[in-house]
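K.L.:
let me see the structure of the following:
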Amino acid sequence: MITGPKYKIAKRLGAPVFEKTQTQKYALHLERKGKRTFMKPKSEFGLQMNEKQKARYVYGLGEKQFANYVKAGMAKKSGSPAQNIYEALESRLDNIIYRIGLAPTRGAARQMVSHGHIAVNGRRVTTPAHHLKVGDKIAINGRSQAKPIFTNIDDRLKDITVPAWVKFDSAKKVAEVVGPPQLAKTENLFDLNTVVEFYSR
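P.N.:
Sure, this is the predicted structure:
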């Protein structure tokens, strides 16, 4: 998905929604600019739109694809809409690959899956949006383990904090989904309840 200049988008939204903007380099960039975010007072609609854009960019999804996740989450009769949406987004295969540290960004994780480097329950999967359920196991596809993209992966894994709903064996590079993702507002760059309000208009 083409998103445009990431620094400008992050500044406009007022949040480091890209991995590229979650670095010391970006912090220094803001400092050079006097920490200005160029944000203007917004209407209620504008605030809702802003939260929607934050969530969409974090997961790297197009407008239609993201809207489909939201509408499906709102249509479910069980659970809160925000929790349903979060669970669907976090349960994507590319997101989990990023969460456990096999890929440095969600974009890289998407490419990794598309190229057939990841197996789910022993079977090669090439769909980044593949939905994972409790009990599913994720591993590097056998033929891909010697690929350059996995060189020095142990060094990268040292700095990764795996979410509580995923069990990850860093030695074997095997992960298992052990529970549903739980929405915790303090851990996110966006407010999904506000996103629901945007789509409820």
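
K.L.:
center of this protein - which residue?
P.N.:
In the chain, the C-alpha nearest the mean C-alpha coordinate belongs to residue 59, at 4.0 Å (Cα atoms, centre = their mean).

K.L.:
isn't it up against residue 91?
P.N.:
No - in this structure, residue 59 is not within contact of residue 91 by Cβ atoms under 8 Å, at 11.4 Å. For the C-beta atoms, the positions are set from N, CA and C on the backbone; glycine is no exception.

K.L.:
coming back round to it: got the contact list for the residue nearest to the centre of the chain?
P.N.:
By Cβ atoms under 8 Å, 6 or more residues apart in numbering, residue 59 lies in contact with 66, 89, 92, 95, 106.

K.L.:
please repeat the previous calculation with a cut-off of 7 Å.
P.N.:
Going by Cβ atoms under 7 Å, 6 or more residues apart in numbering, residue 59 touches 89, 95, 106.

K.L.:
now do residue 52
P.N.:
Counting by Cβ under 7 Å, 6+ apart, residue 52 makes contact with 195, 198.

K.L.:
and what of residue 179?
P.N.:
134, 165.

K.L.:
distance from the one helix or strand residue 47 maps to to the middle of the chain?
P.N.:
Under the criterion of DSSP states H and E, residue 47 resides in helix 44-59. Here helix 44-59 is found 15 Å from its chain centre; the criterion is Cα atoms, centre = their mean, to the nearest Å.

K.L.:
tell me where the protein has helices.
P.N.:
Under the criterion DSSP state H, helices of the chain are mapped to 6-13, 24-32, 44-59, 63-75, 81-90, 93-99, 106-114, 153-157, 192-199.

K.L.:
other SSEs contacting the last one?
P.N.:
Helices and strands touching helix 192-199, as assessed by 3 or more Cβ pairs under 7 Å, 6 or more residues apart in numbering; DSSP states H and E, comprise helix 44-59, helix 63-75, helix 81-90.

K.L.:
who wins for proximity to residue 135 among the ones you listed?
P.N.:
Closest to residue 135 of these is helix 81-90 (Cβ to Cβ; 15.1 Å).

K.L.:
please export the C-alpha coordinates of that closest one as PDB.
P.N.:
Extracted in PDB, the C-alpha atoms of helix 81-90 (Å, rounded to 0.1, in the frame of the first residue of the first chain):
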ATOM      1  CA  PRO A  81     -17.200  -3.800  18.400                       C
ATOM      2  CA  ALA A  82     -13.800  -2.300  19.400                       C
ATOM      3  CA  GLN A  83     -12.600  -5.600  20.800                       C
ATOM      4  CA  ASN A  84     -13.900  -7.500  17.800                       C
ATOM      5  CA  ILE A  85     -12.100  -5.200  15.400                       C
ATOM      6  CA  TYR A  86      -8.900  -5.400  17.400                       C
ATOM      7  CA  GLU A  87      -9.000  -9.100  17.600                       C
ATOM      8  CA  ALA A  88      -9.400  -9.500  13.800                       C
ATOM      9  CA  LEU A  89      -6.600  -7.000  13.000                       C
ATOM     10  CA  GLU A  90      -4.200  -8.500  15.500                       C
END
